[in-house]
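Engineer: Predicted model follows, preceded by the sequence.
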2 protein chains.
Amino acid sequence: MAERWATSRAGLGIDLHIDPSGPGLRRGLTDALREAVRTGRLSPGTRLPSSRSLAGDLGIARNTVADAYADLVAEGWLTARQGSGTRVADRAVPAPPARPAAPGRAPGRLPYSLVPGTPDLASFPRAEWLKATRRALATAPHDAFGYGDPRGRPELRAALAEYLARVRGVRTDPERLVVCAGFAHGLRLLCDVLRARGAGTLAVESYGLDAHWDLVARAGLRTAPLPFDASGTRAQDPGDAAAVLLSPAHQFPLGGALRPERRAAVIDWARRTGGLILEDDYDGEFRYDRQAVGALQDLDPGHVVYLGTASKSLAPGLRLGWMVVPPSLVPEVTAHGAGRSVGVVEQLALAEFLTSGAYDRHVRAARLRYRRRRDALVAALAERAPDVHVTGIAAGLHAVLRLPPGTERSVVQAATWQGLAVQGLSGFRHPAADATPGDGLVVGYGTPPDHAWTSTLEALCRALP
Amino acid sequence: MAERWATSRAGLGIDLHIDPSGPGLRRGLTDALREAVRTGRLSPGTRLPSSRSLAGDLGIARNTVADAYADLVAEGWLTARQGSGTRVADRAVPAPPARPAAPGRAPGRLPYSLVPGTPDLASFPRAEWLKATRRALATAPHDAFGYGDPRGRPELRAALAEYLARVRGVRTDPERLVVCAGFAHGLRLLCDVLRARGAGTLAVESYGLDAHWDLVARAGLRTAPLPFDASGTRAQDPGDAAAVLLSPAHQFPLGGALRPERRAAVIDWARRTGGLILEDDYDGEFRYDRQAVGALQDLDPGHVVYLGTASKSLAPGLRLGWMVVPPSLVPEVTAHGAGRSVGVVEQLALAEFLTSGAYDRHVRAARLRYRRRRDALVAALAERAPDVHVTGIAAGLHAVLRLPPGTERSVVQAATWQGLAVQGLSGFRHPAADATPGDGLVVGYGTPPDHAWTSTLEALCRALP
């Protein structure tokens, strides 16, 4: 092919390589000329040869050159004025854009990780998910591929309403169920609604995720940490906050369940003041010592927004979450798009996953695996690190290890030397919180793949005092 | 099974049906008691029988009753106090929530539709999409199922960078490419960024979609319509706006391409003032009379955000879009989550779709089909409605039909009588625009499924003057 390249130098003053025998000749010429202008080889104001002359030079049809000129005039690279011919448009050539740094932190990857927040990603049920996707694609009505209901697909909302009633004691009809792209997306939508209602403050737990607090701040709300004592979060008096964000079934990260009298008190506050409770039920499927405590939502569906997610039960990468919202809030939440942000194939696949029983099977297997890991963690610590205590209820994918006072930083550092990424409890403290529950580690025992679990636990034990 | 139901009336004062032989007996009892409290059959303050007494009454183990009581105390339905036994918690029973009205308009569905905005949903390539999903699930690394890069999956960003350069003349490296959940999501992210930078106004075209203007307003920005004349939008003087939103390749809905000198002028404005151009390239793949005009973005990647979407080329239900942003904007756009809102399986499937050539094949076939529809529309109108003129370039999935003055409303009404949903041009006018391009219809000829196309066109012809 190389011998077929034609070069124009005479008429244009620069080399221009095109393949006159190739298909898309007009396209090739357009691209070559555009590139010459972009890189500055053809400078602003330069007059181009006539289409007849350049065509003769390149041995191609005149119309092809005329078309290419017309394309580039339409795009703004060239100008064509009666009497002055075709010229390179008279504006500065933009400097090539700098390559931005990759956003976010990029810590040196360690071989082992107990950083909490994700389930074992290697156990994502790929074959089952494909099966659900196949069925979803085979059975979806055509209009499912359109813009659809802002609450999300009706098949998924019906399946979730049934599932949440059965497993989490959440009572809802599908009309009030809103699909969202994970917890963070749901929280963002709710913050937008609160902001639009004139709210200024969202009360949060003293310990939690800075990513959530940042999100709330970006939505224009202040976060105010709730008081915290030996019995956990005191949610009953959130000051002038319009809403409180809680994780009642399993506080993240401290690992307690909200006490019955405090559940009642926060509901009373919401009723008294018209406040809203945002219930973050991120890992409600995973309780090992007893049946999970039912959702707070069921106590007063008019004042609680229940937020659930497939991020812990399946995988965060699916970006699938759901909200059960009080009836009065549905129009406001859906005004912001909500379920229209979530791909319909994923929504239908999850609906299929739920109704076929694949979800229950997967959660059951995962619960058993994580329970064994938790038991192994507790047993290993009892034997190898008697000064370290596992706190919190037997639930979820993480545990808090209480450390001797003043040792948190050195233990995290020692873990790094063992090739283990692990996070200290202090990193989860709200900057304005006055609570200080002491030194600790937040250990995400759900994180490692099965094959790495034993060596990860071993690395942890070696790092502990 | 029915004969095995046990009923307690004596101890509890109400009927309570449970199946003592069934599995999940504790669960069944808990649910029955909770339901009795929720519905008010057990009223606040009521003292429950001792666990021993109720167990005897029901013929089940005492521990089962004690466990059920404990569950309900933990959930806040019951209270247990030393000396006063177990009681129904002392708070009002919430009224059953009202069923909210379905959000959004629910017009009586007509048998035919030429409402613009969606491609033919019946032609979504389900089998090919499943194939791409299978490959994506088979080849994805485990960590793809985690939270991942806020810009989206690297596989998709690389595939899009290649595709956009080849097909739309967009030049970018994958580092500046950000995946989003469709155009509206991308626009919302950009509005949040503009707002955070202190912007107050986004200039928009005089004709467009009210859903987009609403979205901008909800993000806290004012929309100001750009002047409009016989040559289209005059974008070169957007007043004090911090950014302009344009559809340069194919103005929606009017259907013109932004003229070369106006492309140049708006770029000059952006450079002079540091303004930002948001380029909505919603249907850039579909041009029928010539090669599509390249993207504006290529003229100055430092001042233009290019927004593309799979909503017209594949289906809106996928909720897949992309932005090419100036390097300086990447950290701000990704701070708001962006690509983390989009399911990883869909992202990887689209990457596979692009790199395998399935995307090109689908677009090529769709282009041919829509071109034939457009030709059929033009031919039918020439013959049957000589007073109606099709305007705009031969592109996209819609055309504007100019109507005799004063007839728009009656034509839309006549269409309804023919069973045809169609939208008048006046519905796309920005409330603050002073432009009045006259009466017209915006005809989405891409909308009907193939089998309905001929009868839909027939219904339109019957409705026209």
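Structural biologist: That came through fine. Residues are numbered from 1 along each chain as shown, chains lettered A, B, ... in the order given.

Engineer: from here on, contacts and neighbour counts on C-alpha atoms
Structural biologist: Fine.

Engineer: Please look at A:Pro119 and A:Leu314 and confirm they touch.
Structural biologist: Yes. Counting by CA atoms under 8 Å, A:Pro119 touches A:Leu314, with 7.5 Å between them.

Engineer: And the two? Which one has more around it.
Structural biologist: A:Pro119 (27 against 23; other CA atoms under 10 Å in any protein chain shown).

Engineer: From B:Asp15, how far out is the more buried one?
Structural biologist: 43 Å (CA to CA, to the nearest Å).

Engineer: do A:Leu329 as well
Structural biologist: Relative to B:Asp15, and taking CA to CA, A:Leu329 is found at 35 Å.

Engineer: Identify the residue of the stretch 351-465 of chain A closest to chain B, quick one.
Structural biologist: The stretch 351-465 of chain A approaches chain B most closely through A:Pro449 (9.4 Å), counting by CA to the nearest CA.

Engineer: isn't that residue right up against A:Ala122?
Structural biologist: Yes. Contact criterion CA under 8 Å: A:Pro449 and A:Ala122 qualify, at 5.7 Å.

Engineer: what ranges do the strands span in the stretch 101-250 of chain A?
Structural biologist: A:112-113, A:177-180, A:201-204, A:222-225, A:228-229, A:232-233, A:243-246 (DSSP state E, counting those that start in this stretch).

Engineer: Now A:Pro154. Nearest residue, chain neighbours left out?
Structural biologist: A:Pro174 (7.4 Å; CA to CA, 6 or more residues apart in numbering or on different chains).

Engineer: Can you get me a residue count around the one you found?
Structural biologist: Around A:Pro174 there are 20 residues (other CA under 10 Å).

Engineer: re earlier: could you say which one of the strands of the stretch 101-250 of chain A comes nearest to chain B?
Structural biologist: Across the strands of the stretch 101-250 of chain A, closest to chain B is strand A:177-180 (CA to the nearest CA), at 9.1 Å.

Engineer: Partner strands of that closest one and their direction?
Structural biologist: Within its sheet, strand A:177-180 is paired with strand A:321-324 (antiparallel), according to DSSP bridges.

Engineer: Give the buried residues for the partner strand.
Structural biologist: A:Gly321, A:Trp322, A:Met323, A:Val324 (16 or more other CA atoms under 10 Å in any protein chain shown).

Engineer: quick one on the thing from earlier: so which of the strands of the stretch 101-250 of chain A comes closest to A:Phe252?
Structural biologist: Nearest to A:Phe252, of all the strands of the stretch 101-250 of chain A, is strand A:243-246, at 9.0 Å by CA to CA.

Engineer: Off-centre distance for the closest one?
Structural biologist: Chain-centre distance of strand A:243-246: 20 Å, with CA atoms, centre = their mean, to the nearest Å.

Engineer: Can you spell out which helices and strands pack onto that strand?
Structural biologist: Where contact means 3 or more CA pairs under 8 Å, 6 or more residues apart in numbering or on different chains; DSSP states H and E, strand A:243-246 is packed against strand A:201-204, strand A:276-280.

Engineer: Columns mean neighbour count and mean pLDDT on top of those strands, output as JSON lines?
Structural biologist: Shown next, in JSON lines, are the helices and strands packed on strand A:243-246 (neighbours: other CA atoms under 10 Å in any protein chain shown; pLDDT from 0 to 100):
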{"stretch": "strand A:201-204", "mean neighbour count": "26", "mean pLDDT": "97"}
{"stretch": "strand A:276-280", "mean neighbour count": "25", "mean pLDDT": "98"}
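
Engineer: how about those strands in JSON lines, adding distance to B:His185?
Structural biologist: Below are those laid out as JSON lines (distance: least, CA to CA, whole Å):
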{"stretch": "strand A:201-204", "distance to B:His185": "24"}
{"stretch": "strand A:276-280", "distance to B:His185": "24"}
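
Engineer: The residue of the stretch 1-150 of chain A found nearest chain B: what's it in contact with?
Structural biologist: Of all residues in the stretch 1-150 of chain A, A:Phe145 sits closest to chain B, at 4.1 Å by CA to the nearest CA. A:Phe145 makes contact with A:Val344, B:Leu121, B:Phe124, B:Ala315, B:Pro316, B:Gly317, B:Leu318 under the criterion CA atoms under 8 Å, 6 or more residues apart in numbering or on different chains.

Engineer: Closest to B:Ser50 out of those residues?
Structural biologist: Minimum distance to B:Ser50 across those is 50.6 Å, recorded for A:Val344 (CA to CA).

Engineer: Is the spatially closest residue to that closest one that is not a sequence neighbour in a helix, a strand, or coil?
Structural biologist: Leaving aside its sequence neighbours, A:Val344 sits nearest to B:Gly317 (CA to CA, 6+ apart; 5.2 Å). Of the three states, B:Gly317 takes helix according to DSSP: H, G, I helix; E, B strand; the rest coil.

Engineer: and which of the buried residues of strand A:321-324 is nearest chain B?
Structural biologist: Closest to chain B, out of all of those and judged by CA to the nearest CA, is A:Gly321, at 10.6 Å.

Engineer: Relative to A:Pro44, how far out is A:Val216?
Structural biologist: A:Val216 is 48 Å from A:Pro44, by CA to CA.

Engineer: Kindly report the same for A:Glu261.
Structural biologist: Distance, A:Glu261 to A:Pro44, using CA to CA: 76 Å.

Engineer: again with A:Tyr370
Structural biologist: In terms of CA to CA, A:Tyr370 sits 66 Å off from A:Pro44.

Engineer: what does A:Ala459 give?
Structural biologist: Taking CA to CA as the measure, A:Ala459 and A:Pro44 are separated by 63 Å.

Engineer: Looking at these two, which has the bigger crowd around it?
Structural biologist: A:Ala459 (21 against 18).

Engineer: re the thing from before, pick the one among the contacts of A:Phe145 closest to B:Ala379.
Structural biologist: Distance to B:Ala379, by CA to CA, is smallest for B:Leu121 among the contacts of A:Phe145, at 24.5 Å.

Engineer: what about the strands in the stretch 251-400 of chain A?
Structural biologist: Under DSSP E, counting those that start in this stretch, the stretch 251-400 of chain A gives strands at A:276-280, A:304-309, A:321-324, A:389-391, A:399-402.

Engineer: Each with direction, which strands does the last one pair with?
Structural biologist: In this case it means strand A:399-402. Counting by DSSP bridges, the strands paired with strand A:399-402 are strand A:389-391 (antiparallel), strand A:440-443 (antiparallel).

Engineer: Deepest-packed of those strands, please.
Structural biologist: strand A:440-443 (a mean of 26; mean count of other CA atoms under 10 Å in any protein chain shown).

Engineer: Next secondary structure after that strand?
Structural biologist: For strand A:440-443, the following helix or strand on the C-terminal side (DSSP states H and E) is helix A:450-463.

Engineer: what's that next one packed up against?
Structural biologist: Going by 3+ CA pairs under 8 Å, 6+ apart, helix A:450-463 lies up against strand A:112-113, helix A:358-384, helix A:408-417, strand A:420-421.

Engineer: What are the structural domain limits within chain A?
Structural biologist: Domain segmentation of chain A under automatic domain parsing yields A:5-107, A:126-357, A:361-463.

Engineer: Any idea how far the second one is from the middle of the chain?
Structural biologist: Spelled out, it's domain A:126-357. Its chain's C-alpha centre lies 14 Å from the corresponding centre of domain A:126-357 when counted by CA atoms, centre = their mean.

Engineer: Endpoints of it, how far apart?
Structural biologist: One end of domain A:126-357 sits 15 Å from the other (CA to CA).

Engineer: out of the strands paired with strand A:399-402, which comes closest to B:Gln82?
Structural biologist: When the strands paired with strand A:399-402 are compared by CA to CA, strand A:389-391 sits nearest B:Gln82, at 26.7 Å.
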